[in-house]
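Student: Requesting a structural model of the entry that follows:
(chains A and B)
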Number of protein chains: 2
Amino acid sequence: MALKTLSAKAAAALDKELMSTGAFSIDQLMELAGLSVSQVVYRVHPLNKGNRVLVACGPGNNGKLINGGGDGLVAARHLRHYGYQPTIYYPKRSKSELYQQLEDLDVPFVEDFPSALNSADHVVDAIFGFSFSGEVREPFPAVIKALEETKVPVTSVDAPSSWNIEEGPPKSGVGSSFHPEFLVSLTAPKPLVKHFQGRHFVGGRFVSPSIAKKYDFEVPEYQGLDQIAETNPTGQKL
Amino acid sequence: MALKTLSAKAAAALDKELMSTGAFSIDQLMELAGLSVSQVVYRVHPLNKGNRVLVACGPGNNGKLINGGGDGLVAARHLRHYGYQPTIYYPKRSKSELYQQLEDLDVPFVEDFPSALNSADHVVDAIFGFSFSGEVREPFPAVIKALEETKVPVTSVDAPSSWNIEEGPPKSGVGSSFHPEFLVSLTAPKPLVKHFQGRHFVGGRFVSPSIAKKYDFEVPEYQGLDQIAETNPTGQKL
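Tutor: Presented below is the predicted three-dimensional model:
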């Protein structure tokens, strides 16, 4: 059985439904998404492997979508409370004041991504979410290039940034050789997951069976209190 | 060293500060509070002890305070996802549409609290929060009386309902012999904790050290990914 995925269009419709008839607020969904991302990092990169996590946040979530910078900022807050030392790269701040929560925890914001990468043990790529399409705009091409070339392990959120949500990695140019070690799909995997070779997780333990049925995807078998579940490329629990 | 507590007035000021300069939204705080409550239930009442959890939600959280019904509704949603079978008693619905999230999970809402209690394995008392003072209003006196008399274990959120936040249990009348087995204090314990004899937890792993210092309370030593920490009556980790 092939892994059931959610197209970018269906994912946007699902978000819209969760926030209207589902009665979820964007802040609730973002909190749960960021919590899932933080749990993936904790699972794949335990504190004893080095606690310096560089979180790259994109321009998303200015009140319209779950994905983008908001997830990264929430994940960084949880990581800080777990005992990691996060650093944030967030060149295009949204109108949300969420970043203030990080400043209150003395989490540094950096402007030079490549040099921050040099002193990181792990990277969270929360640059582009499932709403990404088209070209990688400034200042992100250099960031994607650094992620392509680094040996620091990367966890991408919903999509390796620069990948087309349906088609996977770009055929050429920036991002064409970007293959992160870890991917966390929020709510459900997107079609690009077929091109992903690393360890894959699904996060967001708030979907009702009726919503999953309507959008034709599987809710994974979460264990205990976990907000994430690891699945193999066929979508089965590992 | 005595356990440092937060008066009702200080707790209200703290909430206000988190939501203004702290840049937290009420939905974020409520989600994290409800998540903490769900983790306490999972800890003290594992699924194999019976999965029928009756969640009693009060009239709170109509946009002003974290506590009250909102925490209970969020906790019930998480418990449902963990595999419990929650039932909700929520006689005074706030304007929030949060309860819709439970209806979408086919979680039943009941009107007759005493008979729902007869078929419950555990109860979450999220009736009154730290903003409670004065008299227990209808229809809650009968609910508190049922909680006083039941043998079903109870987890209270922030305060055993009917207790005075500073003084503890009422000297006489309804609630004067209500002693729940478990208490989860959100953010920090309130003065009533001195009168509490059961197992005590602190929840809400989002407080910055600077906020804790300003309001003069201790952030407990959370472990791993836990959103809760058990403390003994002197506030030390168990």
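
Student: quick one, the longest helix along chain A and helix B:26-44 angle?
Tutor: For chain A, the helix with the greatest residue count under DSSP state H is helix A:26-44. Put simply, helix A:26-44 runs at 50 degrees to helix B:26-44, going by axes from the mean of the first three to the mean of the last three CA atoms, to 10 degrees.

Student: Over to the spatially most central residue of chain A: give its phi and psi.
Tutor: The structure's chain A has its C-alpha centroid closest to A:V157; by CA atoms, centre = their mean the separation is 1.6 Å. Main-chain dihedrals, A:V157, degrees, to the nearest 10: phi -100, psi 110.

Student: wouldn't it be in contact with A:V184 here?
Tutor: Yes. Using CB atoms under 8 Å, A:V157 is in contact with A:V184, at 5.8 Å. Where you see a C-beta, it was placed from the backbone N, CA and C, and this is true even at glycine.

Student: hey, what's in contact with both of those two?
Tutor: Counting by CB atoms under 8 Å, 6 or more residues apart in numbering or on different chains, the residues touching both A:V157 and A:V184 are A:V37.

Student: So what's the residue count around A:L29?
Tutor: Neighbourhood size, A:L29 [other CB atoms under 10 Å in any protein chain shown]: 26.

Student: Repeat that for A:E167.
Tutor: For A:E167, using other CB under 10 Å, the count is 12.

Student: again, but for the one 3 residues further on
Tutor: Using other CB under 10 Å, A:P170 is surrounded by 17 other residues.

Student: near chain B, which residues of chain A?
Tutor: Neighbours of chain B within chain A, by CB under 8 Å from any CB of the partner chain: A:21-25, A:27-28, A:30-32, A:35, A:38-39, A:42, A:77-78, A:81-82, A:97-101, A:104-105, A:205-206, A:208-211, A:222, A:224-225.

Student: And the buried ones among those residues, selectable in ChimeraX?
Tutor: Buried members of the residues of chain A next to chain B, defined by 16 or more other CB atoms under 10 Å in any protein chain shown, are picked up in ChimeraX with:
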select /A:22,23,24,25,27,28,30,31,32,35,38,39,42,77,78,81,82,98,99,101,104,105,205,206,208,211,222,225
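
Student: List the contacts of A:P108.
Tutor: A:T87, A:I88 are the contacts of A:P108 under CB under 8 Å, 6+ apart.

Student: same thing but at 7 Å, please
Tutor: A:T87 (CB atoms under 7 Å, 6 or more residues apart in numbering or on different chains).

Student: how near is it to A:P59?
Tutor: Separation of A:P108 from A:P59 (CB to CB, to the nearest Å) stands at 20 Å.

Student: Could you pull out the strands in chain A for me?
Tutor: A:52-57, A:85-89, A:109-110, A:122-126, A:154-157, A:182-186, A:199-203, A:228-231 (DSSP state E).

Student: pLDDT below threshold where in chain A?
Tutor: For chain A, the stretches with pLDDT under 70 are A:1-2, A:60-68, A:95, A:233-238.

Student: That one: helices as residue ranges?
Tutor: Using DSSP H, helices in chain A cover A:8-19, A:26-44, A:69-82, A:99-103, A:113-118, A:140-149, A:209-214.

Student: what's the neighbour count on the nearest residue to A:K4 once chain neighbours are set aside?
Tutor: Of all residues not flanking A:K4 in the chain, A:F217 sits nearest, at 4.6 Å (CB to CB, 6 or more residues apart in numbering or on different chains). A:F217: 23 surrounding residues under other CB under 10 Å.

Student: Now for A:F217: which residues touch it?
Tutor: A:K4, A:L6, A:A188.

Student: Buried subset of those residues, written for ChimeraX?
Tutor: Buried subset of these, written as a ChimeraX selection, criterion 16+ other CB under 10 Å:
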select /A:6,188
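
Student: Name the nearest of the contacts of A:F217 relative to A:E230.
Tutor: Taking CB to CB as the measure, A:E230 lies nearest A:A188 of these, at 14.6 Å.

Student: Okay, the closest one and chain B: tell me how far apart.
Tutor: Distance, A:A188 to chain B, by CB to the nearest CB, to the nearest Å: 15 Å.

Student: do A:A212 as well
Tutor: 11 Å.

Student: if I pick the closest residue to that residue other than its chain neighbours, what's in contact with it?
Tutor: Leaving aside its sequence neighbours, A:A212 sits nearest to A:V219 (CB to CB, 6+ apart; 4.8 Å). A:V219 makes contact with A:V207, A:P209, A:A212 under the criterion CB under 7 Å, 6+ apart.

Student: just those residues now: which is nearest A:E148?
Tutor: Of the contacts of A:V219, the one sitting nearest to A:E148 (CB to CB) turns out to be A:V207, at 32.5 Å.

Student: you'd agree that closest one is up against A:S185?
Tutor: No. Counting by CB atoms under 7 Å, A:V207 stays clear of A:S185, with 12.0 Å between them.

Student: If you count surrounding residues, which of those two has more?
Tutor: A:S185 (29 against 21).
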